[in-house]
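S.K.: got a predicted structure plus its sequence, pasted below:
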Amino acid sequence: MKKKKHKNKKKWIHRAILALACLCILFGIYSLADHIIHPIRFQKKNVIVEYKEPYDAMDNVKSVFLGDKKDVKINKAINPKKKGSQTITYTYKNKSQDVTYQIKDTKAPTLKLRSIKTDTVGTPKALEFVEKVRDASKVKVTKQIENDKKQEGKYKVFITATDASGNSTKKETTLSRYNDTQAPTIKKANKIVGIVGQKINKNDITVIDDYDPNPKVKIDDSKVDYDNEGTYAIKYTVTDRSGNKRVLKRKVKLSLNDTDKYDKIVYLTFDDGPSDNTKKILKILKDNKVHATFFVTGTNQSKNDIIKKAYKQGNAIALHSYTHDYSIYTNEKTYMDDLKKIQDMVKKVTGHKSMIVRFPGGSSNSISKNYCKGIMTKLTHDLEAKGYQYHDWNVDSTDASGNNVPASQLVENATKTNGLDVVTILCHDTDAKNTTVEALPKIIKYYKENGYTFLPITSTSYAAHHGVTN
């Protein structure tokens, strides 16, 4: 009986070994088949890529069955700037495998704080406590001031920076409050010059306060006759939020000319618009907080909404020509008819009747001789007699010489002031003048750095005139 049991046990052991061997063989066959079908082995099948951090999809390739990793191709690179799932297809010898990557923002913002000193009235905004905050996505900063009694003393402030994915960092700083008994100080309080018809701007003075970033400025100009030239007395009352006041009395001279108010002026002018480039020009002007003058035509009226935008932005809209066809110089009537059309168009768009003119080709143009001898001499006299003011230029960007003049050359030409304190620059605003747009920021920078004030052309502006040759 014992021999029989021993024999059965041995038989089961043999069977188990055989079954195990079969399983190993089957696993080996499966593994070999899997390696043949899926020759690429990966470090990870589920990979999280940090948002906006560079990641090379090839780094996830661990090995290639009977091959080399350098022979693996991918169908595209991972875009770490786009959150969500991205599937990359890896190919080796016509065998393709997909791996899905998750682009996520998992890192909290880095946050560095500063302490703040203020009065007992104001409450600094959360961002005023932040010296530096960095994150891959947009960050919202909030604050909590512990037991703020708005009395003299030091208070704990907790600043929390939370990114768009909900990751947050919280740090502590301090707010120190003091009783403010010091009145604001006033700088740039010398004698000022204004323009007849224009109110005195409170920004003509600079007010500085220990704690209040925006003290109130009140001007008493009741003794000023804005309709007439002369020297008048005005009074400023400056008050901070704690109630401290300072009074300043000044003299203001009203003049009819821009040149009396500013030492160095630049009139930046654009002919022939509007165009597809006008919006780009307006953005550059707005970003740099300067104004220009657009001598417009009636040849592209589908874009007249841009003229309206330019006017609302504080730029001058002046008259160039309705047709911009030199046949307008056939006689005085053909010119004045064309001028009336462009004037009516500008008034319809802006609501303002412009009396500022630039002749096509300038007052010194010689093309007009082909149509009518002596016409420019007559027109210049006629316009001034009718109350118009015509403006030429004394600095030429030379962008009219071609459609692809290098921006560097335009900058060089437009900044040749030859010592002039009042500069009128000729530029053009057409679809083809892309390099003019490219050059514009550097032109503006040059004149700002050299102390010029940018003004739109008005009835009080200096008028650059050429010598009339016809």
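M.R.: Looks like it arrived, so ask away.

S.K.: which residues of the stretch 151-300 of the chain score low on pLDDT?
M.R.: Along the stretch 151-300 of the chain, the model assigns pLDDT under 70 to residues 188-191.

S.K.: got it, and the stretch 301-450 of the chain?
M.R.: For the stretch 301-450 of the chain, counting by pLDDT under 70, not a single residue falls below.

S.K.: show me where it has strands.
M.R.: For the stretch 301-450 of the chain, the strands defined by DSSP state E, counting those that start in this stretch cover 316-321, 356-357, 389-390, 395-396, 422-428.

S.K.: out of the ones you listed, nearest to residue 53?
M.R.: Closest to residue 53 of the strands of the stretch 301-450 of the chain, according to Cβ to Cβ: strand 422-428, at 43.4 Å. (C-beta placed from N, C-alpha, C; glycine too.)

S.K.: quick one: list the elements packing against that closest one.
M.R.: strand 265-271, strand 395-396, helix 434-449 (3 or more Cβ pairs under 8 Å, 6 or more residues apart in numbering; DSSP states H and E).

S.K.: how about the strands of the stretch 301-450 of the chain, which one is nearest residue 363?
M.R.: Using Cβ to Cβ, the nearest of the strands of the stretch 301-450 of the chain to residue 363 is strand 389-390, at 6.1 Å.

S.K.: nearest to residue 378, of the strands of the stretch 301-450 of the chain?
M.R.: strand 389-390 (12.7 Å).

S.K.: run me through the strand neighbours of that closest one, direction for each.
M.R.: strand 356-357 (parallel) (DSSP bridges).

S.K.: ok so, going back, can you check which of the strands of the stretch 301-450 of the chain gets nearest to residue 231?
M.R.: strand 422-428 (23.3 Å).

S.K.: starting at the chain centroid, how far to the closest one?
M.R.: Centroid separation between strand 422-428 and its chain, computed with Cα atoms, centre = their mean, to the nearest Å, is 23 Å.

S.K.: same question, stretch 233-243
M.R.: Stretch 233-243 sits 34 Å away from the centroid of its parent chain (Cα atoms, centre = their mean).

S.K.: buried sites along that stretch?
M.R.: 234, 236, 238, 239, 240, 241, 242 (16 or more other Cβ atoms under 10 Å).

S.K.: return the alpha-carbon coordinates of that stretch using PDB.
M.R.: What follows is stretch 233-243, C-alpha atoms only, in PDB (Å, rounded to 0.1, in the frame of the first residue of the first chain):
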ATOM      1  CA  ALA A 233      -2.600 132.300 -11.100                       C
ATOM      2  CA  ILE A 234      -3.800 128.800 -10.200                       C
ATOM      3  CA  LYS A 235      -3.900 126.900  -6.900                       C
ATOM      4  CA  TYR A 236      -3.400 123.200  -6.200                       C
ATOM      5  CA  THR A 237      -4.700 121.500  -3.100                       C
ATOM      6  CA  VAL A 238      -3.300 118.100  -2.500                       C
ATOM      7  CA  THR A 239      -4.800 115.800   0.100                       C
ATOM      8  CA  ASP A 240      -3.700 112.300   1.100                       C
ATOM      9  CA  ARG A 241      -6.100 109.600   2.400                       C
ATOM     10  CA  SER A 242      -5.200 110.500   6.100                       C
ATOM     11  CA  GLY A 243      -6.500 114.000   5.500                       C
END
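
S.K.: contacts for it?
M.R.: For stretch 233-243, the external contacting residues (Cβ atoms under 8 Å, 6 or more residues apart in numbering) are 119-122, 179-181, 183-184, 186, 200, 202, 205, 207, 209, 211-212, 215-221, 223-224, 245-252.

S.K.: ok, back up a step: any chance of the helices and strands packed on strand 422-428 in TSV with mean neighbour count and distance to residue 172 as columns?
M.R.: Below are these laid out as TSV (neighbours: other Cβ atoms under 10 Å; distance: least, Cβ to Cβ, whole Å):
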stretch	mean neighbour count	distance to residue 172
strand 265-271	27	50
strand 395-396	20	57
helix 434-449	18	42
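
S.K.: export the ones you listed to a markdown table and tack on distance to residue 289?
M.R.: Below are the helices and strands packed on strand 422-428 laid out as a markdown table (distance: least, Cβ to Cβ, whole Å):
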| stretch | distance to residue 289 |
| --- | --- |
| strand 265-271 | 13 |
| strand 395-396 | 21 |
| helix 434-449 | 10 |
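
S.K.: which parts of the stretch 151-300 of the chain are helices?
M.R.: 258-261, 278-287 (DSSP state H, counting those that start in this stretch).

S.K.: for stretch 204-219, measure first residue to last.
M.R.: Chord length of stretch 204-219, first to last residue, is 11 Å (Cα to Cα, to the nearest Å).

S.K.: tell me the buried residues in that stretch?
M.R.: Using 16+ other Cβ under 10 Å as the test for burial, stretch 204-219 gives 204, 205, 207, 209, 210, 211, 212, 215, 217, 219.
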